[in-house]
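Visitor: give me a model of this one.
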Amino acid sequence: MADARSSEDASPDDDERRVERPIDEEYDFEEFGPAEMDRMSPEEWEAAFDPDSWITGVELLDRVEADLKGRIASRDVFAVLERFEGDTTALLAYSDEGYAIVYPDGSIEGEGTVLRDVKPSVALCSMDDYEVAEPPADWSLPDPEEVPEGSGDLGNKMLQLVAFGLLTAGVIAIGGAVLGAGGNAGVVVVLVGGVFLIVSVFLFLVVANARLSDRFRAVEYKNRLRSAGVRSADRPDFVPVENGELVPRAEGRERSE
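Guide: Next up is the predicted model:
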C-alpha cells in the first residue's frame, strides 16, 4: 500500500527510494487526483510527466476555466471567475478570502483559500489524459438577493405535524383524565399525556432551532457573496485589478505543480 504521508513530511532518502520504484506501481494514474499530486515529490513528478507533453497556452486557460466553472457550479469552489485578454492574458478567480491568477504558461500566483483550490485544477488540466467536463450553463455563484433565508424543507414540516399531533393527543389525554373517572387508570393517562406534551415541545424547539440555523447560514452566505463582489462591479481590495486591467505581481508567481 502506498505511503499516505505528504511530500513535505518525507525525507530525501524516502523520495529516492520511492523514485527507484516504477512510478506506475506507486500511483494509480487512472485515478490520479489532487491527493496523489500532493504526495508526489519533485523527483517523482519529473519522472512521471514529460514537461514537453504538458498543455499550455490558451488551451490550458480554456480547460482550467471550464474545470473551475464546473467546480463552482457544484460549490466545490467558492469564487468569482474572470477571463482577461490583451497585454496580460490570464484567468482570475477570487473570493472574499483570496485570489488566484492562472497564466498561459501554467504558472499561478495568489493567496488564500482560492489559490489552494485552483492549484489542483491547473495541474490536472495541464495533463492531456485529464478530461474536462462541460460546465453547466448556470455555473456562477448566486445573486445574494436570490438566496432564500430558510430551506423550507419537507423534514421540518413533517416534524411540525408530528409535534402538533402529539400536543393535541397530550391535551386530549390529560383533559379526558381530569374530566373522567380518577383512579390508577386516570393517573396513567395523565402521565402518558404529559409525555406527549414534553415530546411535542421538544420537537417544536428542534424545528425552531433548525429554522434559526438555516437563516443564520443564509445570512452568512449572503454576506460572503456580497464581500466577494458577486454580481457586482466591486472586487475585494486585495484583488490586483486596476482600472479594469489585471496587474500581475511577478514575485508571487509559481508553477502549479
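Visitor: regarding residue 235, what is its secondary structure?
Guide: What DSSP: H, G, I helix; E, B strand; the rest coil gives for residue 235 is coil.
Visitor: which ones are touching it?
Guide: In this structure, residue 235 makes contact with 80, 94, 229, 241, judged by CB atoms under 8 Å, 6 or more residues apart in numbering. (C-beta placed from N, C-alpha, C; glycine too.)
Visitor: tell me which stretches of this structure form helices.
Guide: If you assign secondary structure with DSSP state H, the helices in the chain sit at 12-20, 23-26, 34-39, 42-48, 57-73, 112-125, 154-179, 183-227.
Visitor: before we move on, back to that, among the contacts of residue 235, who's most crowded?
Guide: Each of the contacts of residue 235 was scored by neighbours using other CB atoms under 10 Å; the highest score is residue 94's, at 26 neighbours.
Visitor: what's the average pLDDT for stretch 95-103?
Guide: Per-residue pLDDT over stretch 95-103 has a mean of 92.
Visitor: how far away from the center of its chain is it?
Guide: Counting by CA atoms, centre = their mean, to the nearest Å, stretch 95-103 is centred 15 Å from the centre of its parent chain.
Visitor: about what we covered before: tell me the most buried of the helices of the chain?
Guide: Per residue and on average, the most neighbours among the helices of the chain fall to helix 112-125, with a mean of 22 (mean count of other CB atoms under 10 Å).
Visitor: so how far is residue 133 from the closest residue to residue 96 other than its chain neighbours?
Guide: Nearest in space to residue 96, with sequence neighbours left out and distances taken as CB to CB, 6 or more residues apart in numbering, is residue 227 at 3.7 Å. Distance of residue 227 to residue 133, computed by CB to CB, to the nearest Å: 29 Å.
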